[in-house]
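S.K.: with the input below, show me the fold.
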Amino acid sequence: MSIITYGFFGEDKGQGRFLTEYLRKMETLHPVLFDAHPWFSQKYQGVNNKGVDKGFREAWLRGFGQECELDCLFVGRDLDSNTPTIRAERHQVFIDKVAGIDRPNWWARTVFILPMQCIEHWLLALQRRADGRPSKDTRDLEGILNDAVKRELYEEHPRTPTNQSKDDLVTALAADLDIEWLAGVSVSFQDFHQQVEAYLAKHLVA
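M.R.: Numbers count the residues shown, from 1 in each chain. Below you'll find the predicted structure:
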């Protein structure tokens, strides 16, 4: 059994909770345990998208440096767009922020969570599936505007219990995550999942 010490640097607690549940699912599929680094998790808690952009270089250097020596760093940033080239463009922005730092091994251990539009699009697909909606209602959601998706997910859909927080809703939906199914309806989730699989393929061989 391999233990992977990881850090998460992302927009908010919702992304972090989704990642936690996703990694729990991955532990059932691979001989690994994911262990969140306590200091890094306290230092780099949820920020907004501008905070992720601004703080990425520092988080990346300190995460893989001697302070933490992470095995893997997850970086979460909503794309807030559904244009075809936006993922590649955002990925290049992160590359540019660490340009000139000769650490190819660190980059190979960096996994980006870049939901098309926002992570609520992934969550809404899970919510609609849980509600028994037909498959056509769970596909191509990334063309819907962020505000409309968040309104349906957080305001229009009844909570169980009624006082359930947004973060607890994220945990509840992600706890029932079917990874292969979501990868089949969301290209951006598929991209994230493929990064993790590629990382594990190298890590478990090393």
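S.K.: the longest helix along the chain - what's its average pLDDT?
M.R.: Across the chain, the longest stretch assigned as helix under DSSP state H is helix 187-205. The average pLDDT within helix 187-205 is 93.
S.K.: what residues sit buried inside that helix?
M.R.: 188-189, 191-193, 195-196, 199-200, 203 (16 or more other CB atoms under 10 Å). (Glycine included, C-beta is placed from N, CA and C.)
S.K.: from the residues you listed, pick the one nearest Leu61.
M.R.: Tyr199 (19.3 Å; CB to CB).
S.K.: for Asp176, which non-adjacent residue is closest in space?
M.R.: Ala130 (6.7 Å; CB to CB, 6 or more residues apart in numbering).
S.K.: what's around the one you found, how many residues?
M.R.: Using other CB atoms under 10 Å, Ala130 is surrounded by 12 other residues.
S.K.: phi and psi next, for it.
M.R.: Backbone geometry at Ala130, expressed as degrees, to the nearest 10, gives phi -60, psi -30.
S.K.: per-residue confidence at it?
M.R.: 92.
S.K.: now it: how far from Leu19?
M.R.: To Leu19, Ala130 is 20 Å away according to CB to CB, to the nearest Å.
S.K.: contacts for the longest helix of the chain, please.
M.R.: 2, 4, 26, 30-32, 71-72, 79, 87, 108-109, 111-116, 121-122, 142, 179, 182-184 (CB atoms under 8 Å, 6 or more residues apart in numbering).
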